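In: For reference, the sequence and a predicted model appear below.
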Amino acid sequence: MSRVGQVPVTVPDGVNVELAGKVLKAKGKKGELSLTFVDEVTPSIDGDQIWVKPVDDSLKARKLWGTYQRLTGNIVHGVSEGFTKELAITGVGYRAQVQGKTLVLQLGYSHDVRFPIPEGIEIKCETQTDIAISGADKRLVGAVAAEIRSFRPPEPYKGKGIRYKDEQILRKEGKKK
């Protein structure tokens, strides 16, 4: 039995939620998102709470119950407050800057890496070595952060590269004479 699915999603003030069949639409100050539910779970709105219930007691329905409860919570949280991922760049000469709708990264390659910023995502570079990625869709924010990190993942010997702010890099010892 899902313990996650038993907890309802509370809708904060300033967020409008509509349920049309199997499609849940949420609109807030950060944007508008929608979620289409599968046939194994049914959503319902009761006042300022959204409940997700399984249709039957099958294994697939119980698996998807907690998943869709969390996806619903992510949508409501995204349109009200949004999500943020922070990246840190480590390395001599490595830097980032935003030019219009493009993130320009200098990562030690012979050329600059140009990353077009997707719709619905906001990227800020407070310093040349810090990147803050924010948006309403949690999946999209995480995917953009992972793609930027993949341009130069941190290496274990000197720690150079792009890493998440809270990521710990396991350092290795170099060659001995």
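Out: Nice, I can see it. Numbering: from 1, shown residues only.

In: what comes into contact with the longest strand along the chain?
Out: As assigned by DSSP state E, the longest strand anywhere in the chain is strand 83-90. With CB atoms under 8 Å, 6 or more residues apart in numbering as the test, strand 83-90 has contacts from 74, 77, 95-96, 105, 107, 128-138, 141-142, 144-145, 148-149, 154, 159-165. Using the backbone N, CA and C atoms, a C-beta is placed for each residue, glycine as well.

In: Against Lys63, how distant is the residue nearest to Val52 when sequence neighbours are not counted?
Out: Closest residue to Val52 apart from its sequence neighbours, by CB to CB, 6 or more residues apart in numbering: Gln69 at 4.4 Å. Applying CB to CB, to the nearest Å, the value for Gln69 to Lys63 is 12 Å.

In: Mind checking which of those two has more residues around it?
Out: Legend: neighbour count by other CB atoms under 10 Å for Gln69 and Lys63, higher for Gln69 (23 against 14).

In: OK, contacts around that one?
Out: Ser2, Val4, Gly5, Val7, Val9, Val52 are the contacts of Gln69 under CB under 8 Å, 6+ apart.

In: ok, the fourth one - how many residues close by?
Out: The number of residues packed near Val7 is 15, by other CB under 10 Å.

In: distance of it from Val52?
Out: Counting by CB to CB, the gap from Val7 to Val52 is 10 Å.

In: repeat for the fifth one
Out: To Val52, Val9 is 8 Å away according to CB to CB.

In: which one of those two has more residues nearby?
Out: Neighbour count, other CB under 10 Å: between Val9 and Val52, Val52 has more, with 27 against 23.

In: before we move on, the earlier item: ok so the residue nearest to Val52 is a helix residue?
Out: Yes. According to DSSP: H, G, I helix; E, B strand; the rest coil, Gln69 belongs to a helix.

In: Which pLDDT value belongs to it?
Out: At Gln69, the model reports a pLDDT of 94.

In: Check Gln106 too.
Out: 96.

In: residues in contact with it?
Out: Going by CB under 8 Å, 6+ apart, the list of residues near Gln106 reads Gly93, Tyr94, Arg95, Ala96, Asp112, Val113.
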